[in-house]
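> I'd like to go over a predicted model; first the sequence, then the structure.
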Amino acid sequence: MGFNILIVDDSEIIRSMIARTVRMAGVPVDKLLTAGNGAEALQLLNSNWVDLVFADINMPVMDGVQMIERMHEHEVLCNVPVVVISTEGSETKIEKLHQKGVVAFFRKPFTPEMIRGAIVEVLGEWDEGSGLPTDSF
Amino acid sequence: MLAMRHIVGVSEMKVSGCDGDMIVTHSLGSCIGVSIHDPHARVGGLLHFQLPLSRENPDRARENPFMYADTGIPLLFKAAYNLGANKGRIIVKVAGGARVLDNNNFFNIGQRNYIAMKKIFWKNGVFIQSEDVGGDQWRTMNLEVGTGRVTIKNSQGTFEL
Amino acid sequence: MKVPACRQILFETARRILQEAAFAFTDDPEDSGREPGGAFMACSVAFNGPFHGAMALASGERLASILAANMLGVDEDDPDADRKKADALGEILNMICGNALPEIAGTRAEFAITAPEPLSEPQFETMLSNVPEHKLHTADIVVEGFDAFLVLILDREDAQAL
């Protein structure tokens, strides 16, 4: 039984980097879902069980703050842990996000070790090997 | 078998599967020491690489691949696999990459070594468990093969990584 | 902010982001020979907060493709790297902007940064020529042996006085 993880970022390359880290970490994953903005993410959250969300802040259509506020107001989605990965550097904004239930905040550029640390913190340890199929060593 | 203390020189690499063995490398300045350990197979290895990329001097890299990050790191992992280590279990610890003047009067070799190493690990899906890098300290790195315990010694003292 | 201080922030932030996010070696322009890096590419972001402005990053296609490959963890000739080169350049710019603004305005200042937009060479030239000199800050940076050019337009009346 694996986890369902949702990655929300308007940049395809950032979504790929986070997904790569999740696979590298060897987390047992059932579904790795991706969304390009907060509105797309809410749709996915309403139709899928999600164990962990990685979310950007500055996105078109609906930004990460609005998405997190909607989740915070929702009786089920308010319990889904959100890790914010953003270029956002303002301490004021970060404090507000923590008040809305964000479990961790990482400023881009992030390292794979940071992401793995957050996954372990939220989902606990797992017993799986490294999961990248294209490894050259 | 009698426990051994292996010394890894500059641009060298050693691996061991013997429980009591220690692998040590001295005088890590801008060079980086990469320690790998599989706690299940009880296999450990240590590489002391000097420069980031083999493309700077392919002939020298062919002669001694352990001089460069991009040729030495894969060989370190492969040598450990040959002793029964498994990539998914390997714990990586690194030290060095200091801002010290190297033989070519470059101050930024340590930083470049670190960037090149991170790129290789990212490309190959490897996490760094812990690191002691940068600064202007010379370091000695010590790996206990049986336990995977890594200690760093610098001018201030000795601590576990 | 005084021009040399601003240029230094731009240069240092860009260098750090390129190293950390894309594992790229950087040099001062004086230190390294430059290579032509294919067709022109550029992108920009706008920001709004205690003051507003824009930031733009220009490079050749070749460098953008290398950055994409490094970010994705694939070989430089991987077709995915070529396909995502504009996205890579945009995200690098986004990170430089997001990290440089708190250095300039302080860590409590809140800014909204727009998504990166691609710019053609004429659009880039027009943008530069339309900005009064006192609002324009630039930094040349050599990345992986290729030229890159970073521009900050700081639209604040007191920009010179700081």
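Nice, thanks for sending it over. Remember, it's a predicted structure, so these values are computed and weren't measured experimentally. Numbering: from 1, shown residues only, chains lettered A, B, ... in the order given.
> CA only for contacts and neighbour counts going forward, please
OK.
> Output the helix or strand containing C:I92 in PDB with nothing but the alpha carbons.
Using DSSP states H and E, the secondary-structure element containing C:I92 is helix C:85-105. The C-alpha atoms that make up helix C:85-105 are tabulated as PDB, following Å, rounded to 0.1, in the frame of the first residue of the first chain:
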ATOM      1  CA  LYS C  85      15.100  24.900 -21.700                       C
ATOM      2  CA  ALA C  86      12.800  28.000 -21.600                       C
ATOM      3  CA  ASP C  87      11.200  26.700 -18.400                       C
ATOM      4  CA  ALA C  88      14.600  26.200 -16.900                       C
ATOM      5  CA  LEU C  89      15.700  29.700 -17.700                       C
ATOM      6  CA  GLY C  90      12.500  31.100 -16.300                       C
ATOM      7  CA  GLU C  91      12.700  29.200 -13.100                       C
ATOM      8  CA  ILE C  92      16.300  30.200 -12.500                       C
ATOM      9  CA  LEU C  93      15.200  33.800 -13.000                       C
ATOM     10  CA  ASN C  94      12.300  33.300 -10.700                       C
ATOM     11  CA  MET C  95      14.600  31.900  -8.000                       C
ATOM     12  CA  ILE C  96      17.200  34.700  -8.500                       C
ATOM     13  CA  CYS C  97      14.400  37.300  -8.200                       C
ATOM     14  CA  GLY C  98      12.800  35.700  -5.100                       C
ATOM     15  CA  ASN C  99      16.100  35.500  -3.400                       C
ATOM     16  CA  ALA C 100      17.500  38.900  -4.400                       C
ATOM     17  CA  LEU C 101      14.500  41.000  -3.400                       C
ATOM     18  CA  PRO C 102      14.700  40.200   0.400                       C
ATOM     19  CA  GLU C 103      18.400  41.100   0.100                       C
ATOM     20  CA  ILE C 104      17.400  44.500  -1.300                       C
ATOM     21  CA  ALA C 105      14.200  45.300   0.600                       C
END
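> And that helix, what's buried?
C:85-102, C:105 (16 or more other C-alpha atoms under 10 Å in any protein chain shown).
> now stretch A:34-46
A:34-39, A:41-42, A:44-45.
> cool, stretch A:77-91 as well?
Neighbour counts using 16+ other C-alpha under 10 Å place A:77-78, A:80-90 of stretch A:77-91 among the buried residues.
> Out of those residues, the closest to chain B would be?
Of all the buried residues of stretch A:77-91, A:I85 has the smallest distance to chain B: 18.2 Å, by C-alpha to the nearest C-alpha.
> Not counting sequence-adjacent ones, nearest residue to that closest one?
Among residues not flanking A:I85 along the chain, A:F106 sits closest, at 4.8 Å (C-alpha to C-alpha, 6 or more residues apart in numbering or on different chains).
> and C:D78, what are its phi and psi?
Note on C:D78: backbone dihedrals following degrees, to the nearest 10 are phi -70, psi 130.
> In contact with it, which residues?
By C-alpha atoms under 8 Å, 6 or more residues apart in numbering or on different chains, the contact list for C:D78 reads C:A69.
> Kindly report the same for A:V103.
Listed by C-alpha under 8 Å, 6+ apart, the contact set of A:V103 reads A:81-83.
> before we move on, back to that, closest to C:F40 among the buried residues of stretch A:77-91?
A:T87 (25.6 Å; C-alpha to C-alpha).
> Torsion angles phi and psi at that closest one?
Note on A:T87: its backbone torsions stand at phi -80, psi -10 [degrees, to the nearest 10].
> Next to chain C in this structure, residues from chain A, please.
A:11-14, A:16-17, A:58-60, A:87-93, A:108-111 (C-alpha under 8 Å from any C-alpha of the partner chain).
> can we see that at 10 Å?
A:10-18, A:20, A:57-60, A:86-94, A:107-111, A:134 (C-alpha under 10 Å from any C-alpha of the partner chain).
> Return the per-residue confidence for B:N105.
pLDDT, B:N105: 52.
> Run through the residues that contact residue 11.
No chain was given, so I picked chain A. A:S11 sits next to A:35-37, A:56, A:59, C:84, C:87-88, C:90-91, C:115-116 when contact means C-alpha atoms under 10 Å, 6 or more residues apart in numbering or on different chains.
> my bad, chain C
When contacts are counted by C-alpha under 10 Å, 6+ apart, C:F11 touches C:5, C:28, C:96, C:100, C:138-141, C:149-150.
> Check C:L72 too.
With C-alpha under 10 Å, 6+ apart, C:L72 has these contacts: A:13-18, A:20, B:122-123, C:22, C:66, C:78, C:80-81, C:84, C:88.
> Of these, grab the buried ones for ChimeraX.
Per 16+ other C-alpha under 10 Å, the buried members of the contacts of C:L72 correspond to this ChimeraX selection:
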select /A:13,14,15,16,17,18,20 /B:122,123 /C:22,66,80,81,84,88
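> Which ones among the contacts of C:L72 lie within helices?
Using DSSP state H to define helices, the subset of the contacts of C:L72 located there is A:13-18, A:20, B:122-123, C:22, C:66, C:80-81, C:88.
> pretty sure B:D132 belongs to a strand, no?
Yes. Under DSSP: H, G, I helix; E, B strand; the rest coil, B:D132 sits within a strand.
> For it, give its distance to B:L83.
B:D132 sits 27 Å away from B:L83 when distances are taken as C-alpha to C-alpha, to the nearest Å.
> Work out for me the element the residue sitting nearest the centre point of chain A sits within.
The residue lying closest to the centre of chain A (C-alpha atoms, centre = their mean) is A:F54, at 1.0 Å. Using DSSP H and E, A:F54 sits in strand A:52-55.
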